[in-house]
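Peer 1: Sequence and predicted structure are below.
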Amino acid sequence: MYQPDVYEKMCPTRLVLDRIADKWAVLILHLLRAGPVRFNQLRRTIKGISQKVLSQTLKKLERDGLISRAVFATVPVTVEYALTPLGRTLTDTVAALAHWAEHNIEAVLAAQQAYDRGCPAAAEMVTANDAAEAA
């Protein structure tokens, strides 16, 4: 029986990791956790994503079985996206990742600035202090 190993070069699980590590995929999955969302609502809510990239990302997530697409015969046509049962298994993980990014952005930016000034040790201290304060 095949045993997946993400550390193996040809392991297909890397494709899944690549997909769910994509910033647009994370934002889409996070928005869909509350229920179905129309294409245009996703586009308006996710600032900075182009229509083309949104469409491509949605197709990839649908292909991976993480979201479903429903088309309604209205004028104009309405398209809604929703999490599948498989996609719902990711909601807690995706939410935690999104909240971690929001909560720790200041520490990350401070670490980047320290590193860019040539003080990587200072960057480690910044992030260690922030992590201690968060605990």
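Peer 2: Right, received. Where do you want to start?
Peer 1: how is the protein carved up into domains?
Peer 2: The chain breaks down by automatic domain parsing into domains covering 1-83, 90-135.
Peer 1: quick check: mean pLDDT across the shortest one?
Peer 2: Mean pLDDT, domain 90-135: 78.
Peer 1: Find the centremost residue of the protein, please.
Peer 2: The centre of the chain sits closest to residue 26, judged by Cα atoms, centre = their mean, with a distance of 1.3 Å.
Peer 1: Quickly find the element holding the residue lying closest to it once chain neighbours are set aside.
Peer 2: Once flanking residues are discounted, residue 26 sits nearest to residue 94: 5.6 Å by Cβ to Cβ, 6 or more residues apart in numbering. The way it works is simple: take the backbone N, C-alpha and C, and place the C-beta from them, glycine included. Per DSSP states H and E: residue 94 is located in helix 91-116.
Peer 1: how about the CA coordinates for stretch 10-22, as PDB?
Peer 2: Provided in PDB are the C-alpha atoms of stretch 10-22 (Å, rounded to 0.1, in the frame of the first residue of the first chain):
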ATOM      1  CA  MET A  10       7.500  13.100  -6.200                       C
ATOM      2  CA  CYS A  11       4.900  12.800  -3.500                       C
ATOM      3  CA  PRO A  12       1.500  14.100  -4.800                       C
ATOM      4  CA  THR A  13       0.800  15.600  -1.300                       C
ATOM      5  CA  ARG A  14       3.100  18.400  -2.300                       C
ATOM      6  CA  LEU A  15       0.600  19.500  -4.900                       C
ATOM      7  CA  VAL A  16      -2.000  19.800  -2.200                       C
ATOM      8  CA  LEU A  17       0.400  21.700   0.100                       C
ATOM      9  CA  ASP A  18       1.200  24.000  -2.800                       C
ATOM     10  CA  ARG A  19      -2.500  24.700  -3.400                       C
ATOM     11  CA  ILE A  20      -3.500  25.400   0.200                       C
ATOM     12  CA  ALA A  21      -0.300  27.400   0.900                       C
ATOM     13  CA  ASP A  22      -1.400  29.900  -1.900                       C
END
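Peer 1: Name the residues of it that are buried.
Peer 2: Within stretch 10-22, the residues scored as buried using 16 or more other Cβ atoms under 10 Å are 19, 20, 22.
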